[in-house]
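[1] Structure, please.
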Amino acid sequence: MMTRLTMIASTLAVALIAAGQARAADSVTVAGTVIQKDPEIAKLLPEKNKEKGLRAEYNPPQPPFSMFDDAGKPYGVLIDFGNAIAARLGTTITLGRVTHDSIIPALQAGNYDLMLGTDADTEGRQKVVNMIDYMKYGVSLVVREGNPQNLSNGKDLCGKRLAVLKGWSPPDYFDSLSVDCKARGLPAVNISTLPNTPDTILAVRSGAADATFVSTPTALGAMKAIEGGKVMVVAPETAPQGWNLQMHGLLVLKQNQELTKALSAAVNSLLVDGTMKKVFQLYGLDDKMLLDTVVVNQALPDTGLN
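    Residues are numbered from 1 along each chain as shown. Down below sits the predicted model:
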């Protein structure tokens, strides 16, 4: 039987909350909480989105943020989050699946209004999109069960095989590891890119890679989704949220300032009223990763992977 981690939806686009209809649901229940329209926040939404709803892209599978059940139906933190955002704005939402490296191109092509995701806020991304940040966490190292090569941080990866997600920003994010190795007279890191985060974890599990760096919540979520284990998570003892803490959030094209304001207000309301905390708890995530209030375009300095 396929695991939830590897299961692929039978369609590339799925509808949520009466998607495609002009009339939105009066309310939805998310994590046991009834989410209703806030008239003042809804006023901020551009007219086209009031009439046609929101078109959101996402990049599954990324447990516990986006997964598929045995029937191929998506669920997870982002699915609940998207439903709550749409309900708060009094509109509908449709969800379309994209690969990680096509997130921004799909927005630029006009296929979607926003990226419903967990991407890190970086200065590079800010040149094209507004980052609506609502989380803060880092990355963890995923290795074989028992950590047979005793890998504890980026400095231990010289000469090792590292699987990474294609489309990581900035593109040279992992190059510093090899620069450090060469400076110490050691072989460079052998880096391979894969289209989805679960693929990088499964590469470690199968022995095709020695390690992978993935977001800390995804690393922990994957441990629950993989049947049979065979992998483990390594994070700094002093920083359980991982190395290189960054802001994470939704993506909206830079020119769509009106939509940015509407989404920021909706997301902020869901942080303040405790809805997102309940969603995180529902899926076993540490709610300390959530910000108290939304911030926009607040990239943090890169602190490295060592």
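
[2] what about the nearest residue to residue 31 once chain neighbours are set aside, which SS state?
    Counting by C-beta to C-beta, 6 or more residues apart in numbering, the nearest residue to residue 31 once its immediate chain neighbours are dropped is residue 278, at 4.0 Å. (Each C-beta comes from the backbone N, C-alpha and C, glycine too.) Judged by DSSP: H, G, I helix; E, B strand; the rest coil, the three-state class of residue 278 is helix.

[3] how about residue 278, what does it touch?
    Contacts of residue 278 were listed using C-beta atoms under 8 Å, 6 or more residues apart in numbering, and they are 30, 31, 32, 33.

[4] where does the third one land on pLDDT?
    Translated: residue 32. We note a pLDDT of 93 for residue 32 in this prediction.

[5] Please report the distance of it from residue 166.
    Residue 32 sits 37 Å away from residue 166, taking C-beta to C-beta, to the nearest Å as the criterion.

[6] Which one's more surrounded, the two?
    In terms of neighbours (other C-beta atoms under 10 Å), residue 166 is the more surrounded of residue 32 and residue 166; the figures are 16 against 9.

[7] Spatially central residue for the protein, please.
    residue 118 (2.6 Å; C-alpha atoms, centre = their mean).

[8] contacting residues around it?
    Contacts of residue 118 by C-beta under 8 Å, 6+ apart are 62, 65, 78, 135, 215, 217, 218, 248, 249.

[9] Weed out the non-buried ones from these.
    Neighbour counting by 16 or more other C-beta atoms under 10 Å classes 62, 65, 78, 135, 215, 217, 218, 248, 249 among those as buried.

[10] mind putting those in a markdown table, pLDDT included?
    Formatted as a markdown table, the entries for these read as follows, by pLDDT from 0 to 100:
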| residue | pLDDT |
| --- | --- |
| 62 | 84 |
| 65 | 92 |
| 78 | 95 |
| 135 | 96 |
| 215 | 87 |
| 217 | 87 |
| 218 | 81 |
| 248 | 96 |
| 249 | 96 |
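
[11] Which ones among those residues map onto helices?
    With helices defined by DSSP state H, the entries of the buried ones among the contacts of residue 118 inside them are 78, 217, 218.

[12] just these now: which is nearest residue 286?
    residue 217 (7.8 Å; C-beta to C-beta).

[13] And that closest one, how close does it get to residue 42?
    Distance of residue 217 to residue 42, given as C-beta to C-beta: 30 Å.

[14] what's the helix or strand for residue 104?
    For residue 104, the enclosing helix or strand under DSSP states H and E is helix 103-108.

[15] For that helix, list every residue counted as buried.
    Buried-residue list, helix 103-108, by 16+ other C-beta under 10 Å: 103, 104, 106, 107.

[16] now swap in stretch 202-221 and tell me
    The neighbour-count criterion (16+ other C-beta under 10 Å) identifies 202-205, 209-221 as the buried residues of stretch 202-221.

[17] and what of stretch 67-76?
    Residues of stretch 67-76 classed as buried: 67, 68, 74, 76 (neighbour count, 16+ other C-beta under 10 Å).
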